[in-house]
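Peer 1: Show me how the following folds:
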Amino acid sequence: MRAEMTIKRAASGVDFSRRIAQNQKDSMPVRQANPDDARGIEALMEEYDMVGSFDYQQCLVIDAGAAGLAGFARMDCVGNRFYIRPIIISTRFQRQGLGKLLVEYLLSIFDDITVIARGSAEGFYRALGFSPIGWEQIDEDFCRECQFCPDLTDCIPVPMRIIQPTRGRSLV
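Peer 2: Numbers count the residues shown, from 1 in each chain. Okay, here's the model as predicted:
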């Protein structure tokens, strides 16, 4: 619940000057998901054969207008740790910097973010300032989720974290 409230409140007041200034990206704004986005989020998950359900209020989306959702990021909060779980960009919109746009947007809201990256995405997160951490630093439920995931051998998950100097924001 805390993460949901934080994303809602912080996302509505974020200064968009941190966004990458390219016309295509500016025409696809990052915003808080709403009830109408639930089906689009499900479709993005299906595109990657992902299963599960979660509250749309935990999500930020990239709205591509008539083309639907270009991508989304879901945040979970465990204790005082914020987790990206996951970031998904539609195959139709990949290689346009939209994943980076979502991470940069989240970093403008949260100073400390953890992600369990697919091994193939480790370089992406490293380029954004994340560093590998030990599994002992990851919530037990998330560790079990990875341990019993049918994609474990293909995924080769890497826990990663970024801690930015605090900018005086309150997360409550």
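
Peer 1: C-alpha coordinates for the helix or strand where A38 lies, CSV please?
Peer 2: If you go by DSSP states H and E, A38 is part of helix 38-47. Below are the C-alpha coordinates for helix 38-47, written out as CSV (Å, rounded to 0.1, in the frame of the first residue of the first chain):
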residue,chain,number,x,y,z
ALA,A,38,-5.5,-3.1,-16.8
ARG,A,39,-6.2,-4.9,-20.1
GLY,A,40,-3.2,-3.3,-21.8
ILE,A,41,-0.9,-4.3,-19.0
GLU,A,42,-2.3,-7.9,-19.2
ALA,A,43,-1.6,-7.9,-23.0
LEU,A,44,2.0,-6.8,-22.4
MET,A,45,2.4,-9.6,-19.9
GLU,A,46,0.9,-12.1,-22.3
GLU,A,47,3.3,-10.9,-25.1
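
Peer 1: and that helix, average pLDDT?
Peer 2: Looking at helix 38-47 alone, the average pLDDT works out to 92.

Peer 1: what's the angle from the next helix or strand after it to helix 38-47?
Peer 2: Counting by DSSP H and E, the next helix or strand C-terminal to helix 38-47 is strand 59-63. Interaxial angle, strand 59-63 versus helix 38-47 (axes from the mean of the first three to the mean of the last three CA atoms, to 10 degrees): 90 degrees.

Peer 1: CA atoms only: put strand 59-63 into PDB for me.
Peer 2: Output in PDB follows, covering the C-alpha atoms of strand 59-63 (Å, rounded to 0.1, in the frame of the first residue of the first chain):
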ATOM      1  CA  CYS A  59       2.200   0.600 -12.200                       C
ATOM      2  CA  LEU A  60       3.500   3.400 -14.300                       C
ATOM      3  CA  VAL A  61       2.700   3.100 -18.000                       C
ATOM      4  CA  ILE A  62       4.000   4.600 -21.300                       C
ATOM      5  CA  ASP A  63       0.900   5.700 -23.200                       C
END
